[in-house]
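1. fold the following and give me the result.
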Amino acid sequence: MNWIIRSTKTVKYHTNLQEVLKPIWEVLKEYNWVLTDLDFISDTEVPINFDHDYFILNHDEFEKVYNSETQIIWGIISAVPRSHEINLSLISKFSAENEKVWKPDQFLIPESFLEIIAFDSGYTIVKFRNKDMSNKFKNHFGREALSLKKFNEKYK
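-> You can find the predicted model right below:
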């Protein structure tokens, strides 16, 4: 239930959240979003910036990022249950360069329901805990969504 997208035939650019989350967006309303280690370009004002190491957004705040033309060049984006108390001291230390992001079923935030890692505008890694959501994602992206495990076996 871990995927990597290298090709951008379906998406305008890496990591376009509107495209990446399109097949599952409607079921993600009950989560807070943790964004850390960010580098991005946006066409409009969004509730993230370069003044802080991380952001914790509710669904409405994250929806502003989702609906914008924001390209996440680098960073970690996690959907975390609203009821979960987040360890803020750990979040600011997370990095998309951590080897754990390349390992299947390894989440930087253990309570993450979904984790997206933008890696230098060339790769988008998406990890799911829910098989149905993973299947919707894979069906939407087809052959462009490569198994992270198989990718690692071939390229790492």
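2. Lys22: what secondary structure?
-> With DSSP: H, G, I helix; E, B strand; the rest coil as the basis, Lys22 sits in coil.
3. contacts only, for it.
-> Shown in contact with Lys22 (Cβ atoms under 8 Å, 6 or more residues apart in numbering): His140. C-beta here means a position set from N, CA and C on the backbone, and glycine is covered the same way.
4. pull out the buried positions in stretch 140-154.
-> Judged by neighbour count (16 or more other Cβ atoms under 10 Å), stretch 140-154 contains these buried residues: 141, 144-146, 148, 151.
5. got the end-to-end distance for that stretch?
-> Chord length of stretch 140-154, first to last residue, is 23 Å (Cα to Cα, to the nearest Å).
6. need the longest helix for the protein.
-> helix 131-141 (DSSP state H).
7. give the next helix or strand downstream of it.
-> Later in the chain than helix 131-141, the nearest helix or strand by DSSP states H and E is strand 145-147.
8. by mean pLDDT, which helix or strand of this structure comes out lowest?
-> helix 88-91 (a mean of 86; mean pLDDT, DSSP states H and E).
9. whichever helix or strand comes after that one vs helix 131-141, what angle?
-> Reading on from helix 88-91 to the C-terminus, the next helix or strand found by DSSP H and E is strand 114-119. If you take axes from the mean of the first three to the mean of the last three Cα atoms, to 10 degrees, strand 114-119 sits at 40 degrees to helix 131-141.
10. got the contact list for the next helix or strand after strand 114-119?
-> Sequence order places strand 123-128 as the next helix or strand after strand 114-119, per DSSP H and E. Applying Cβ under 8 Å, 6+ apart, the external contacts of strand 123-128 come out as 1-6, 11, 14-15, 20, 101-102, 104-107, 112-119, 134, 137, 145, 148.
11. quick one: strand 123-128 to strand 114-119, angle?
-> Using the same axes, to 10 degrees: strand 123-128 against strand 114-119 is 170 degrees.
12. look up how far Ile117 lies from Phe141.
-> Note on Phe141: its distance to Ile117, by Cβ to Cβ, to the nearest Å, is 16 Å.
13. what of Ser78?
-> 9 Å.
14. so for this structure, the centremost residue is which one?
-> Nearest to the mean C-alpha position of the chain, by Cα atoms, centre = their mean, lies Ile116 at 1.8 Å.
15. noted, bye for now.
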